[in-house]
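**Student:** Fold the following and give me the result.
(chains A, B and C)
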Amino acid sequence: MSNPVVCCDSIEVSMDVGPDITDITRQLASVAQRANVEDGSLHASVIGSTGSLTTIEYEPGVVEDLKRAVTKLAPPGIDYEHEKAWHDGNGHSHVQAALLGPSIVIPVRKGGLALGTWQQVVIINHDNRSRKRRVEVTVVGRSSTDGLVKSPI
Amino acid sequence: MSNPVVCCDSIEVSMDVGPDITDITRQLASVAQRANVEDGSLHASVIGSTGSLTTIEYEPGVVEDLKRAVTKLAPPGIDYEHEKAWHDGNGHSHVQAALLGPSIVIPVRKGGLALGTWQQVVIINHDNRSRKRRVEVTVVGRSSTDGLVKSPI
Amino acid sequence: MSNPVVCCDSIEVSMDVGPDITDITRQLASVAQRANVEDGSLHASVIGSTGSLTTIEYEPGVVEDLKRAVTKLAPPGIDYEHEKAWHDGNGHSHVQAALLGPSIVIPVRKGGLALGTWQQVVIINHDNRSRKRRVEVTVVGRSSTDGLVKSPI
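**Tutor:** Down below sits the predicted model:
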């Protein structure tokens, strides 16, 4: 049996004014692959207090429905104490992101992400301006090379 | 000190039409035990985009209260874009699951799950049909056997 | 390259009647530092079913806005089945905590927590009484000492 490995990486995502929802499954799968982890766990956390991570069936209908639900949770245009002090118009963004949460854990199995067929990992930008968002990714697991250099297939 | 170990496992749960809430604490504790991990962290993620994981005091009152709250977050019977395209009647299920999130991290201490006395890990099926739900579980931690074969007690 | 290490620790936080929100970033950073982990992942889970963890910009405006949003999610004073059986007046606390979730994953980079400049880790006490809350913390990562005893700087 191979010893556990820990690999750290990050991805960046250019995002529109919130609520904006982007599928990052492929980028996270690439991180797992580069980490050369066969089985284990991928931890992703969005940097900044107006972003969040979750999973959805990434199709236009669910994307729109989730945007509406997130907006209903903390609508722009009502009174926020944050705005009274900072006047940056994103009081709702902070509340939405805090309720959804910044981190997620995805299983790694056979070198790939274990997700449902219609389940994708998404990042949500809740901020009231476009943002380049960074997601820090840590993969913990058993190496697929067992300490040996794998010859090319 | 022993080297860290990573163990991967999964459990399956038969669930009713959502919102249905099932206590999976015992099954997760069994996974931790089989992993032979003394101290570390258990990561659980539900496969599929209409399930979620959280912790509650698992008694009939809280179970009913949480079902109501989840239904209020995204009620069935209002307009969902997902349903306009797919006509499967589960637009609300997708939104509910995305807001709660698919993953959870539970500490492992002294070979068991570290939870409050009245705190249980639950899986929620949000889908509008009964489902057999799979939860992938990864345990990372220090082995309790320190690399030695433990003799039977 | 150093072998992965797993370190387990816990912190305690004295909290007021909920919703009360406390910044625990510094305490978690101390745990990461004591763990002597250079790069990896910190997992924090609150013990008990009426507490939760998330990240926010910890300033009085956002703290107040999040308290209001959490209260709106599950207000005290409406009917809860939990209270009909237990009469402890905290039906709303259970629902709020379940919706936000008990656990969070924070990246560890260069020996510190990787967070945005205006992003802090907070614990929320949702209970209707003051509580001393315990958070179990597990750090998984690569040691900064590579197995050697580091001489004092």
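**Student:** Which strands or helices does the helix or strand bottoming out on mean pLDDT in chain A pack on?
**Tutor:** Here the helix or strand of chain A ranked lowest by mean pLDDT, DSSP states H and E is helix A:81-86, holding a mean of 90. With contacts taken as 3 or more Cβ pairs under 8 Å, 6 or more residues apart in numbering or on different chains; DSSP states H and E, helix A:81-86 sits against helix A:91-100, helix C:60-73. All C-beta atoms are positioned from the backbone trio N, CA, C, and that covers glycine.
**Student:** which regions of chain A lie under the pLDDT threshold?
**Tutor:** Applying pLDDT under 70 to chain A flags residues A:1-2, A:145-153.
**Student:** now A:Ala69: how far from A:Leu99?
**Tutor:** Computed as Cβ to Cβ, to the nearest Å, the A:Ala69 to A:Leu99 distance reads 11 Å.
**Student:** Let me fix that, I meant to ask about A:Lys72.
**Tutor:** From A:Lys72 to A:Leu99 the distance is 11 Å (Cβ to Cβ).
**Student:** higher neighbour count, these two?
**Tutor:** Comparing A:Lys72 with A:Leu99 by other Cβ atoms under 10 Å in any protein chain shown, the one with more neighbours is A:Leu99, at 22 against 12.
**Student:** number of nearby residues for the closest residue to the more buried one other than its chain neighbours?
**Tutor:** Sequence neighbours aside, A:Leu73 is the residue nearest to A:Leu99 in space, at 5.8 Å (criterion: Cβ to Cβ, 6 or more residues apart in numbering or on different chains). Using other Cβ under 10 Å, the number of residues around A:Leu73 comes to 19.
**Student:** One more: A:Gln119?
**Tutor:** 23.
**Student:** Next, give phi and psi for it.
**Tutor:** Backbone torsions for A:Gln119, taken as degrees, to the nearest 10, come to phi -130, psi 120.
**Student:** Please report how far the closest residue to it other than its chain neighbours lies from B:Gly89.
**Tutor:** For A:Gln119, ignoring the flanking residues on the chain, the nearest one in space by Cβ to Cβ, 6+ apart is B:Ser49 at 4.2 Å. The gap separating B:Ser49 from B:Gly89 is 15 Å, by Cβ to Cβ.
**Student:** quick one: which of the two has more around it?
**Tutor:** Higher neighbour count among B:Ser49 and B:Gly89: B:Ser49, with 26 against 15, using other Cβ under 10 Å.
**Student:** residues in chain A within reach of chain B, list them.
**Tutor:** Applying Cβ under 8 Å from any Cβ of the partner chain, we find that chain A lies next to chain B at A:3-4, A:39-41, A:43, A:54-57, A:59-62, A:64-66, A:69-70, A:73, A:99-101, A:104-109, A:114-116, A:118-120, A:140-142.
**Student:** what's the first-to-last distance across stretch A:50-60?
**Tutor:** End-to-end distance for stretch A:50-60, by Cα to Cα, to the nearest Å: 22 Å.
**Student:** what's the answer for stretch A:114-124, then?
**Tutor:** 21 Å.
**Student:** Now do the buried residues in that stretch.
**Tutor:** By neighbour count on 16 or more other Cβ atoms under 10 Å in any protein chain shown, the buried set for stretch A:114-124 is A:Ala114, A:Leu115, A:Gly116, A:Trp118, A:Gln119, A:Gln120, A:Val121, A:Val122, A:Ile123, A:Ile124.
**Student:** and if you look at stretch A:85-100?
**Tutor:** Neighbour-count burial for stretch A:85-100 flags A:Trp86, A:Asn90, A:Gly91, A:His92, A:Ser93, A:His94, A:Val95, A:Gln96, A:Ala97, A:Ala98, A:Leu99, A:Leu100 (criterion: 16+ other Cβ under 10 Å).
**Student:** how about CSV for those residues, with distance to A:Ile78 added?
**Tutor:** Formatted as CSV, the buried residues of stretch A:85-100 follow (distance: Cβ to Cβ, whole Å):
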residue, distance to A:Ile78
A:Trp86, 16
A:Asn90, 13
A:Gly91, 8
A:His92, 8
A:Ser93, 13
A:His94, 13
A:Val95, 10
A:Gln96, 13
A:Ala97, 17
A:Ala98, 16
A:Leu99, 15
A:Leu100, 18
